[in-house]
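In: with the input below, show me the fold.
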Amino acid sequence: MDSKKVILLSNIQYLKKYEFKPVDKICKILIERDLKDYLMKWNMDKSFRIFTYNFQDTYDTANKDQLFKDLFHSEVILKDLGYQSWINSKDEKIRIEIEDVPCTILSTEFFDRIYENEIVLHDGTIRKCFEEYMDDIVIADDLRNMLLVEESDNYPLYTEKERAEFLFLIFKHFCLGGSLNQYEDNINPYILMAKTLYKDVICVRKTGSPKKTTIMSQVSKVEVLNNDIPIYPSHKHHEQNFSYVILSPTLKEVTILHHTWKPTGGGTTSTWMRSCKISKQILASLVGIVMVRSCYLHSDDRTHLPWEELDSGRCRLLRCHPQFPSTVAMTIIQLNLDA
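Out: Next comes the predicted model:
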């Protein structure tokens with residue numbers, strides 16, 4: 001990505017040029033049931049937001065700073081984002097940092113090398129690996145290992161320039177999900193969601209002679225800071241705290257993609273347990289071996305339960321959970337705590 005550009009948000013001696021009006025634009029991932037279900041499964045259904053607005057005045061590159069300043073002074077937009085306190089703000093310490101995001105990819109063949117390097121099998125099944133954690137994100141397969149771990153053998157599959165591409169970024173965001181994410185065993189849903197969103201928010205036209213498909217939209221990553229402390233999209237830096245502004249001058253439209261990571265607290269073990277979303281459940285191996293350790297249960301039931309207190313008469317086999325590493329054959333068992 002290019003170096004960040006800084007725009008002061010203060011409205012002292014400030015005149016607006018652009019007015020924004022909400023557009024009722026269809027984004028398939030928010031309305032089609034199967035796609036919405038993926039967002040829910042990945043714990044992004046409430047934290048991932050898409051807003052689209054149109055503007056009337058003409059735009060050229062020289063007006064970019066003005067447009068972004070107007071964007072974050074717009075009462076309509078600030079209310080949508082939940083930052084009404086910025087309306088008419090005169091705080092000279094608030095600034096917008098804008099980072100250009102390349103947007104040049106025209107085909108999902110961009111992801112073929114993931115198959116070619118056997119991060120996934122021919123049918124899309126993602127290869128598992130030993131668990132590790134990064135910023136409370138579970139890395140339990142080769143895909144997330146490639147996305148996040150710079151020391152990984154597969155990290156160099158994509159150059160830093162390619163990793164900065166907008167299509168790669170939204171694919172990565174879907175793969176990582178929210179803090180209660182239930183990860184996929186197959187890569188296909190992640191590619192489908194990234195492709196669908198990309199097509200919905202990016203403006204493409206046939207230009208030149210012979211006609212050639214060209215992306216007309218300009219993408220920027222945005223962060224707002226107050227006295228060098230981040231305040232939007234979140235008060236904390238995290239892979240999954242992001243805000244992208246997609247400007248489509250041809251359509252006179254601006255789309256904002258916005259997501260915030262909601263920490264669960266309680267550490268990585270409780271993060272996994274709560275991702276099951278089933279109260280009073282605990283893990284045991286398929287071969288009947290109960291691992292002797294302690295864990296915290298579902299967020300609605302913080303009871304601290306020693307594993308050694310379990311006995312087979314008080315639990316029953318429920319189902320296999322896809323998030324747990326396949327290197328250990330595990331299943332969820334439900335406790336009848338009233339027995």
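
In: how near is Ile191 to Val6?
Out: From Ile191 across to Val6, the span is 35 Å (C-beta to C-beta, to the nearest Å). Any C-beta I mention is one placed from the backbone N, CA and C, and that applies to glycine too.

In: end to end, how far does stretch 156-170 reach?
Out: From its first residue to its last, stretch 156-170 covers 19 Å (C-alpha to C-alpha, to the nearest Å).

In: please apply the same query to stretch 39-57.
Out: Length of stretch 39-57, first residue to last, C-alpha to C-alpha: 35 Å.

In: report the mean per-residue pLDDT for stretch 8-25.
Out: Here stretch 8-25 scores 79 as its mean pLDDT.

In: I meant stretch 230-241, not that one.
Out: Averaging pLDDT residue by residue across stretch 230-241 gives 93.

In: only alpha carbons, please: show it as PDB.
Out: The C-alpha atoms that make up stretch 230-241 are tabulated as PDB, following Å, rounded to 0.1, in the frame of the first residue of the first chain:
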ATOM      1  CA  PRO A 230      -7.300   5.300  17.300                       C
ATOM      2  CA  ILE A 231     -11.000   5.900  17.700                       C
ATOM      3  CA  TYR A 232     -12.400   4.500  14.400                       C
ATOM      4  CA  PRO A 233     -13.100   1.800  13.300                       C
ATOM      5  CA  SER A 234     -12.000   0.800  16.800                       C
ATOM      6  CA  HIS A 235     -10.000   1.900  19.800                       C
ATOM      7  CA  LYS A 236      -7.600  -1.000  19.200                       C
ATOM      8  CA  HIS A 237      -5.400  -2.100  16.300                       C
ATOM      9  CA  HIS A 238      -6.400  -5.600  15.200                       C
ATOM     10  CA  GLU A 239      -6.400  -7.500  11.900                       C
ATOM     11  CA  GLN A 240     -10.200  -7.600  12.000                       C
ATOM     12  CA  ASN A 241     -10.800  -3.900  12.900                       C
END
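
In: quick one: contacts of that stretch?
Out: 81, 83, 94, 135, 137, 148, 172-173, 176-178, 222-225, 229, 242-243, 258-261 (C-beta atoms under 8 Å, 6 or more residues apart in numbering).

In: residues near the residue lying closest to Met146 once chain neighbours are set aside, how many?
Out: Counting by C-beta to C-beta, 6 or more residues apart in numbering, Met146 lies nearest to Asn154, which is 4.0 Å off, once chain neighbours are set aside. Using other C-beta atoms under 10 Å, Asn154 has 17 neighbouring residues.
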